[in-house]
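Visitor: next come a sequence and a model predicted from it.
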2 protein chains.
Amino acid sequence: MFESAELGHKISKEFWKKEVPGVREGLLDAQLDLFQAKKFPVIILVAGVDCAGKGETVNLLNEWMDPRHIETHALRDLTDEELERPQMYRYWRVLPPRGKVGVFIGTWYSVPLVENVYGTIKNAELDQQLERIIRFEKMLCDEGALVLKFWLHLSRDEQKKRLKLLEKDSSTRWRVTDTDWDHYKKYDKFHKVSERMLRSTSTAESPWTIVEGTDPRYRYLTIGKAILAAMRQRLDAPEPTCHVEPIPPILPTIDNLLILQTLDMSKKLKKAEFERELEKYQGKLNLLTRHPDFKKLSVVVVFEGNDAAGKGGSIRRITQALDARQYRVIPVASPTEEERAQPYMWRFWRNIPRKSRFAIFDRSWYGRVLVERVEGYCEHKDWIRAYGEINDFEEQMVRNKTVVVKFWLSITKAEQLKRFKEREKIGFKRYKITEDDWRNREKWDEYELAVCDMIDRTSTEIAPWTLVEANDKYYARIKVLKTLCDHIEKALGK
Amino acid sequence: MFESAELGHKISKEFWKKEVPGVREGLLDAQLDLFQAKKFPVIILVAGVDCAGKGETVNLLNEWMDPRHIETHALRDLTDEELERPQMYRYWRVLPPRGKVGVFIGTWYSVPLVENVYGTIKNAELDQQLERIIRFEKMLCDEGALVLKFWLHLSRDEQKKRLKLLEKDSSTRWRVTDTDWDHYKKYDKFHKVSERMLRSTSTAESPWTIVEGTDPRYRYLTIGKAILAAMRQRLDAPEPTCHVEPIPPILPTIDNLLILQTLDMSKKLKKAEFERELEKYQGKLNLLTRHPDFKKLSVVVVFEGNDAAGKGGSIRRITQALDARQYRVIPVASPTEEERAQPYMWRFWRNIPRKSRFAIFDRSWYGRVLVERVEGYCEHKDWIRAYGEINDFEEQMVRNKTVVVKFWLSITKAEQLKRFKEREKIGFKRYKITEDDWRNREKWDEYELAVCDMIDRTSTEIAPWTLVEANDKYYARIKVLKTLCDHIEKALGK
């Protein structure tokens, strides 16, 4: 795999002088076009062997390009705000928006690589982590990002030479640490694991480019030209005028039996019983949040449901039991301008709570496979891939000890009509029924199908859906509270 | 000052039952109007004596109001990301946008109060801090925020009773800490300092409301009604149709002698000399950033100047000397939607760098007193107050060991014409001259006046302007680099 990068690639000073001006002009040009069209972001990863010139390369790129539209991010120590969130949070928060270039040095590959070489994680775990990275990068590409990955390679001898050279010069000696020599001693192991890593993560959408790091001029020019070519090609590509629709993988069940229809919608609670249970479970929830181990957890609650199913009321019964300082309710409406310039999931990543806090989503990332699917706000391929992205997102939260609890509040079509009419009668503005509500209602069957697909495809063992029979508000609210308590209790290992 | 809050205010259960539904309905209504009109944010501070029921009050407010449009923030330990920025950063980053309600418990008053009571800061320093708070709150009000401040008071006896009561009950014992008793022993001192604090920060725009904390029903209802009345009044107020223009405080100098005209615009450097100096100062800058004490600093560089004065070129000469991982260039263009929903300075606060990093602003917060003033994009009163807000902003950065370096790149009208024409000839798109450029040029004299006012009003000892004679690019770039080095050197105490 690295053979071609040990040939001693080199270019002459003359060739360099002749080529560089064109590349620089081209890059500046491409950047300006990118910035003006704001069609996609460019994400550049610079990884590779120690001392192969990653830092210098990135510095040169910054020199060549317009520093106003490029930003470089280095993997350094995690801040405590990052430490309390899933691993990929630190990358999500600095993703370049459409129109900009983000350069990552010390990337999401570094940790798994080093940990495997040093034996902290086994091969199986490495493969799992690489699988996650592949899915993450695929999501970026699906969202339109241009992802360019460069691996700077040095042969064993060359790396040793480089280290010695740096050590000899008093002005660069500080750069060579014990870790560097330690890594060098493990060169063969690094070589082997890197190869495995590069092979399995070189996908059609974002292949690796391996570059020999020995000769700086060769290295700079190769990477510069590769970036230019990729940006230019994408910028100049005509808008795809047609594309092949994927085969609809989702078919209605032949016998028309849907999971939602299996709910017993007659379930109810008497008022007295409701009040007793409410006190019981609100008290319990409050106690749970004061458990010493609760500091290690965070809680994400998702509310989806039919219009007028009582999401707001259920949310209030939860927040009543909590200290106002420890929760945020996030009403999900149309994305803001900054959110629209990012991948779909970005606006949910930015709302992931810190430890010992709650984030309660009033509608959520499931909008993609519900309203956006049914109303045609996004393309078929986009909501189809969303199922996988959503599962990945929730898996990352759960691995970070976030309790993810998802509720679908279900009411019957007749009950919804009753509530709509009641609300119209009260005429109280915060319950105003809009035309949207009536329109959604007309698509009842389509929504029902979408909900059932959603449940089938995203009710996972780690983050299952709880279907709530919500024709009776008392029953629904208690079921929500009790379920939430159960999940937190389980996470506390009680 | 606290006399009326020691009268034993109390309301009956009947009165409470009669009044509460109306207040709750009213608050929900006001919140919805606020959210739909998105005209202003509501900022509620809940402060006061320990055990006076701050937490309970905030929890009840959250219960009464729609949790989707209210968010509560508590002063807890600073995260390391907050620690590296000026004191008020933690508040700026969570200010509610227009249309939302933000509740702060443990506010910007807590630290100065406690520190003065415990003698960590003297009265003079307390007064200074309160002055800063007054200016901060005034800015919020000027930006349209509704700022409501509540102080919950308890008499000495009442506080003691409360502490004993909490200690007796095993379910609340955990809430009473040694600090609480320690504070209680200092009741008189707290009383005195609080009074001083409340007196001096009760301004016309945001007065304090002192509420007796003894009877929960009285306390809740008083605060609920006060919030409702203030929100309702502001929501129902007609848009001001006319307002009195302030007397123009800025007059052109009678003899027409302006600071910009005192520059010697013939200053220049030969190419050879430029290259020598460039190497020298870029090397020096790079070394300075590797000084061990540089970890304690951060650097903010501001570039303003005439169109075509060479801001981009100067910025590139700085970034060339830096590691790409340690700087960000922030090109300032029109604010995004999220930024427009916040006070003017918000989008600059969010870009304050961490320790040992650079933030380089290509145009900046000075836009308010330059283009916005001249083109009439904001009202007279808004740019007039901006001078003070800018000075406050820079002072906070400097107190946090940020080196603030501000450059005005000045070229003559003739030189600008030459550059515009050259750019048109090259026809290279990134130098495209737009109609805006020509239009700005027509207002040359107005801009010149605005620049001179800006320099007079914001060139402070802690953050002075450096005027750069930029007709000669070589000379300008070296002056910029050398000045930047000087400032950092000084901050390092070298």
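Guide: Thanks, I have the structure now.

Visitor: in the stretch 351-494 of chain A, which spans are strands?
Guide: Per DSSP state E, counting those that start in this stretch, the stretch 351-494 of chain A carries strands over the ranges A:358-362, A:402-410, A:465-469.

Visitor: the strand or helix carrying A:Leu278 close to chain B?
Guide: Using DSSP states H and E, the element containing A:Leu278 is helix A:271-289. No - no part of helix A:271-289 sits near chain B under the criterion C-beta under 8 Å from any C-beta of the partner chain; the closest distance found is 9.4 Å. Bear in mind the C-beta positions are built from the backbone N, C-alpha and C, glycine included.

Visitor: quick check: mean pLDDT of that helix?
Guide: For helix A:271-289, mean pLDDT rounds to 96.

Visitor: immediately after that helix, which helix or strand?
Guide: Downstream of helix A:271-289, the next assigned helix or strand under DSSP H and E is strand A:298-305.

Visitor: quick one: that next one to strand A:358-362, angle?
Guide: 10 degrees (axes from the mean of the first three to the mean of the last three C-alpha atoms, to 10 degrees).

Visitor: just checking, what packs against whichever helix or strand comes after strand A:298-305?
Guide: Later in the chain than strand A:298-305, the nearest helix or strand by DSSP H and E is helix A:311-319. The contact analysis (3 or more C-beta pairs under 8 Å, 6 or more residues apart in numbering or on different chains; DSSP states H and E) places helix A:311-319 against helix A:271-289, strand A:298-305, strand A:327-331, strand A:358-362, strand A:402-410, helix A:473-491, helix B:54-64.

Visitor: and the strands of the stretch 351-494 of chain A: which comes nearest A:Thr79?
Guide: A:Thr79 lies closest, by C-beta to C-beta, to one member of the strands of the stretch 351-494 of chain A: strand A:402-410, at 18.3 Å.

Visitor: does any part of that closest one sit near chain B?
Guide: No - applying C-beta under 8 Å from any C-beta, one finds strand A:402-410 out of contact with chain B, separated by at least 15.6 Å.

Visitor: what lines up beside that strand in the sheet?
Guide: When sheet partners are counted by DSSP bridges, strand A:402-410 sits next to strand A:298-305 (parallel), strand A:465-469 (parallel).

Visitor: list the buried residues for the first one?
Guide: It refers to strand A:298-305. Within strand A:298-305, the residues that count as buried by 16 or more other C-beta atoms under 10 Å in any protein chain shown are A:298-305.

Visitor: OK, contacts around the residue nearest to A:Arg441 when sequence neighbours are not counted?
Guide: Take A:Arg441 and drop its neighbours on the chain: the residue closest to it by C-beta to C-beta, 6 or more residues apart in numbering or on different chains is A:Gln416, 6.6 Å away. A:Gln416 sits next to A:306-309, A:441 when contact means C-beta atoms under 8 Å, 6 or more residues apart in numbering or on different chains.

Visitor: and A:Gln416, what pLDDT?
Guide: Note for A:Gln416: predicted pLDDT of 95.

Visitor: any idea how far A:Glu422 is from it?
Guide: A:Gln416 sits 11 Å away from A:Glu422, going by C-beta to C-beta, to the nearest Å.

Visitor: what's around A:Leu152, how many residues?
Guide: Residues lying near A:Leu152 (other C-beta atoms under 10 Å in any protein chain shown) number 25.

Visitor: same question, A:Asp127
Guide: Residues lying near A:Asp127 (other C-beta under 10 Å) number 16.

Visitor: one more: A:Ser171?
Guide: Around A:Ser171 there are 8 other residues, counting by other C-beta under 10 Å.

Visitor: give me every residue that touches it.
Guide: For A:Ser171, no residue meets the contact criterion (C-beta under 8 Å, 6+ apart).

Visitor: hang on, A:Tyr184 is in a helix, isn't it?
Guide: Yes - looking at A:Tyr184 with DSSP: H, G, I helix; E, B strand; the rest coil, it is inside a helix.

Visitor: which helix or which strand is home to A:Thr222?
Guide: A:Thr222 is part of helix A:216-236 when elements are defined by DSSP H and E.

Visitor: show me the contact partners of that helix.
Guide: A:9-11, A:13, A:16, A:19-20, A:23-24, A:26-27, A:30-31, A:33-34, A:37, A:39-40, A:42, A:44, A:46, A:52-53, A:56-57, A:60-61, A:64, A:146, A:148, A:150, A:152, A:209, A:211-213.

Visitor: and chain B, which of the residues you listed reach it?
Guide: Answer for the contacts of helix A:216-236 near chain B (C-beta under 8 Å from any C-beta): A:Leu61.

Visitor: about what we covered before: dump the strands of the stretch 351-494 of chain A into a markdown table; add mean neighbour count and mean pLDDT as well.
Guide: Output for these, formatted as a markdown table (neighbours: other C-beta atoms under 10 Å in any protein chain shown; pLDDT from 0 to 100):
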| stretch | mean neighbour count | mean pLDDT |
| --- | --- | --- |
| strand A:358-362 | 22 | 97 |
| strand A:402-410 | 23 | 98 |
| strand A:465-469 | 20 | 97 |
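
Visitor: quick one, which of those strands gets closest to A:Asn116.
Guide: Here strand A:402-410 is closest among the strands of the stretch 351-494 of chain A (C-beta to C-beta), at 25.8 Å.

Visitor: compute the inter-axis angle for the closest one and helix A:473-491.
Guide: Here strand A:402-410 runs at an angle of 160 degrees relative to helix A:473-491 (the same axes, to 10 degrees).

Visitor: which residues touch A:Asn351?
Guide: A:Asn351 neighbours (C-beta under 8 Å, 6+ apart): A:328, A:330, A:359, A:361.

Visitor: do the same with A:Cys452
Guide: Taking C-beta under 8 Å, 6+ apart as the test, what A:Cys452 contacts is A:258-260.

Visitor: what sits closest to it if chain neighbours are left out?
Guide: In this structure, A:Cys452 finds its nearest non-sequential neighbour in A:Leu258, 4.6 Å apart by C-beta to C-beta, 6+ apart.

Visitor: that neighbour touches A:Leu449, doesn't it?
Guide: Yes - with contact defined as C-beta atoms under 8 Å, A:Leu258 counts as touching A:Leu449 (7.4 Å).

Visitor: what's the helix holding A:Leu278 in contact with?
Guide: With contacts defined as C-beta under 8 Å, 6+ apart, helix A:271-289 is touched by A:269, A:294, A:317-318, A:320-323, A:326, A:356, A:474-475, A:477-478, A:481-482, A:484-485, A:488-489, A:492.

Visitor: in chain A, spot the helix with the most residues.
Guide: The single longest helix within chain A, with elements called by DSSP state H, is helix A:13-37.
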